[in-house]
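1. Quick one, what's the 3D model for this:
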Amino acid sequence: MLPRPGAGRCGWTELGGRKSSDFVETVRNAGDIVRVISDYVPLKTAGSRMKGLCPFHEEKTPSFSVDPGAQLFYCFGCQTGGDIFKFVMLYEKIGFREAVEMLAGRFGIPVPTSRPRDGRLERIQEAVRLAEAFYADRLRSPGGNRCRAYLERRGIDDESTKRLGLGYAPDSWDALGSHLASNRFKPDEMAAAGLVLARKDGSGHYDRFRDRLIFPIRDVSGRTVAFGGRALGDGEPKYMNSPETPAYTKGNHLYGLDLARDAVRRKGFAIVVEGYLDLAALVQAGFDNAVASLGTALTPGQAQLLARYANRILVSYDGDSAGAAATVRSLDLLLGRGFEVHVVDLPDKLDPDDFIQKEGAQAFGRLVEEAPTYLEFLVAKEARRRDLDRPEERVAAVNAVLPHLARLESPIERASWAGRLADALRIEDDLVLQELKGVLKSGRTNIRHRVREAETPREVESRLVSLMLRFEEGREKARADLDPGDLVGTQVSGIVRTILHLVDEGKGVDYPTLFSALDDDDDKETLTRIAFRDEPEVEPEEMEDCIRALRRQRLMRERRELQKRIQTAADAAAIDTLLDRTQQLARQIDALS
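-> Sure, this is the predicted structure:
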């Protein structure tokens, strides 16, 4: 897969239009769309193109096509298409800038910057890297015996330890600080990286993590940015985390996502747990699509990260009251962002680590397979804590669930769940629906997502563009004979104008160049569909027929408008004028037939 764009990089988009555009084109020209897409989708040769199963919708028969010559992709099933940047944007769920940087990283192209490099950030990243290696080495040393024994008791073997990069912070006030100092790091640099703390009396610094099992926190590219530490003795707090630094923002990272992202995408869902050891236990048990939220509830930044890889989330927090409350907060956040959410409901106030230790990986796997939807979880929770034989308790249960039900985006799904809620709590359907409407009016506004069915360019418009792309005489014929009015109402007017503009600038005219030059997304979609049309070979002489057909369509539109005006006109002289023009148009249309 592609490397992720680096954190803290100054924006090449700030370099100015020409330099920024040149960088984008350098990246585009350096890559081959077939090789890039093949990293994500198995492709097979099909004539002059490559075919495979579309990664953007479920299908059994391949309808996803990649054209090496045009450097474009297109799915005939879901009508999704574009260039190499569009594919990475859609698959990785990132913006254009991030897609360009990811591809630049793959192709070994340096990303230009508008400002000097941030030396302070680089020093922090280097200090964290050295600290990670230091902790890992101490875990393997004789001084790490107690920490290794603790991992063994928790069922974490050497393979999982290495996979997670676990380490040990010695029971010393200055072990890490002295190591970093020997590598020419100053105390203020160590403090900025969150690795040491200043003594209150101003006499120096001491290590933040002491006598703790260390969990490296990595970004999605696998680079360590911070640490979590669990006390091995009686130290407080039991868990300690790095503070936020220029290299680390707590709410923007998920523990273990660097290891889990491919499995999450492959399996179609992520298991979200709360703590480091919960995640380690799941990794040890073979659940490779698990991540941890580094806190009691998910943040918006973490939800955005998850959305890149799956829209189905299974939340498995602690079974105690605090864990259940965190589960509800996380569910609400995920629902508001359109995820399909399920809950792995753990019994007896157990956390995932304890449950696996007690019941085993297979039992946890069954809970994952049987995980109820979030509303089923909430209804069951309310049913357990209330006496549903009492009418006032049934009403209270409904009112507790309704705000969560209202977060569903689909009105049909909301209505369906209102009926199920009424049945479960033995209340009339109409009353639940009435209350739901009140919640919607006073609370969240429903947003409807409409899917626009892609319009196929008319045959003549498609052939016009193909002729202009393939033949210089076709472009010259269009410039000389095509009237701007002939393109009114067509889907290709912007494409034709851009082709002629490229010719005026002395640039080559082919699919990749034209796609890059188009500003309008609809024009790009239209060009992609044209590129993947199955049509016979065109000849330059056909340009005359295309122009005549477009002009005839334009004249026929004008005649229809005149006929409408004649029907509503009241002045006799005006009607005569309109009739004369209608007759002229009829003769012109006949001449073009």
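2. quick one: contacts for Gly222?
-> Applying C-beta atoms under 8 Å, 6 or more residues apart in numbering to Gly222 gives the contacts Asp258. Quick note: C-beta positions are derived from backbone N, CA and C, even for glycine.
3. tell me the SS of it?
-> Secondary structure, DSSP: H, G, I helix; E, B strand; the rest coil: Gly222 is coil.
4. That one and Asp262, how far apart?
-> According to C-beta to C-beta, to the nearest Å, Gly222 and Asp262 sit 12 Å apart.
5. ditto for Thr498
-> Distance, Thr498 to Asp262, by C-beta to C-beta: 38 Å.
6. Please, which helix or strand holds Ser65?
-> Using DSSP states H and E, Ser65 sits within strand 64-67.
7. quick one: strands adjacent to that strand?
-> Sheet pairing of strand 64-67 (DSSP bridges) gives strand 49-52 (antiparallel), strand 72-75 (antiparallel).
8. Would you map out the domains in this structure?
-> 12-107, 119-248, 252-371, 378-442, 459-592 (automatic domain parsing).
9. could I get those domains as TSV with mean pLDDT?
-> Shown next, in TSV, are these (pLDDT from 0 to 100):
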stretch	mean pLDDT
domain 12-107	86
domain 119-248	94
domain 252-371	87
domain 378-442	74
domain 459-592	84
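10. just those domains: most buried one?
-> The highest mean neighbour count among the domains of the chain, using mean count of other C-beta atoms under 10 Å, belongs to domain 252-371: a mean of 20.
11. how about Glu376, what does it touch?
-> Counting by C-beta under 8 Å, 6+ apart, the residues that Glu376 touches are Val343.
12. and it, that one's in a helix?
-> Yes - counting by three-state DSSP, Glu376 is found in a helix.
13. measure it to Asp389 for me?
-> 21 Å.
14. in terms of contact, does Ser48 touch Gly69 like I think?
-> Yes - with contact defined as C-beta atoms under 8 Å, Ser48 and Gly69 form a contacting pair (7.0 Å).
15. returning to what we had before: and of the strands paired with strand 64-67, who's closest to Pro411?
-> strand 72-75 (28.7 Å; C-beta to C-beta).
16. What lies in contact with the closest one?
-> With contacts defined as C-beta under 8 Å, 6+ apart, strand 72-75 is touched by 33, 37, 54, 56-57, 63-67, 80-83, 86-87, 511-512, 515, 527-529, 531-532.
17. rewinding a little: got the strands paired with strand 64-67 as JSON lines, with distance to Ala591 columns?
-> Below are the strands paired with strand 64-67 laid out as JSON lines (distance: least, C-beta to C-beta, whole Å):
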{"stretch": "strand 49-52", "distance to Ala591": "41"}
{"stretch": "strand 72-75", "distance to Ala591": "38"}
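18. Out of those strands, which gets nearest to Leu305?
-> For the strands paired with strand 64-67, proximity to Leu305 was assessed by C-beta to C-beta; strand 72-75 is nearest, at 25.1 Å.
19. hey, C-alpha coordinates of that closest one in CSV?
-> Coordinates of each C-alpha in strand 72-75 appear next as CSV, following Å, rounded to 0.1, in the frame of the first residue of the first chain:
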residue,chain,number,x,y,z
LEU,A,72,-8.1,6.6,-16.2
PHE,A,73,-10.3,4.1,-14.3
TYR,A,74,-14.0,3.6,-14.5
CYS,A,75,-16.6,1.2,-13.1
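20. wait, Arg463 sits on Glu539?
-> No - applying C-beta under 8 Å, one finds Arg463 not in contact with Glu539, separated by 10.3 Å.
21. elements contacting the lengthiest helix in the chain?
-> In terms of residue count, the longest helix belonging to the chain (DSSP state H) is helix 542-568. Contacts defined by 3 or more C-beta pairs under 8 Å, 6 or more residues apart in numbering; DSSP states H and E place helix 542-568 against helix 459-470, helix 472-481, helix 572-592.
22. Including distance to Pro403, could those helices go into TSV?
-> Compiled in TSV, the helices and strands packed on helix 542-568 are given as follows (distance: least, C-beta to C-beta, whole Å):
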stretch	distance to Pro403
helix 459-470	50
helix 472-481	59
helix 572-592	61
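23. among those, which is nearest Gln304?
-> helix 459-470 (37.5 Å).
24. which outside residues touch stretch 351-360?
-> 154-155, 273-275, 277-278, 280-282, 285, 316-319, 323, 344, 346-347, 350, 363-364, 367.
25. chain center to stretch 524-531, what's the gap?
-> Relative to its chain's centre, stretch 524-531 lies at 23 Å (C-alpha atoms, centre = their mean, to the nearest Å).
26. if we look at that stretch, which residues are touching it?
-> Counting by C-beta under 8 Å, 6+ apart, 67, 70, 72-74, 79, 81-83, 86, 454, 456-457, 462, 465-466, 491-492, 495, 511, 514-515, 518 sit against stretch 524-531.
27. Excluding sequence neighbours, find me the nearest residue to Ala175.
-> Asp207 (6.3 Å; C-beta to C-beta, 6 or more residues apart in numbering).
28. what sits against the one you found?
-> Residues in contact with Asp207, defined by C-beta under 8 Å, 6+ apart, are Ala169, Ser172, Trp173, Asp174, Ala175, Leu176, Gly177, Leu195, Val196, Leu197.
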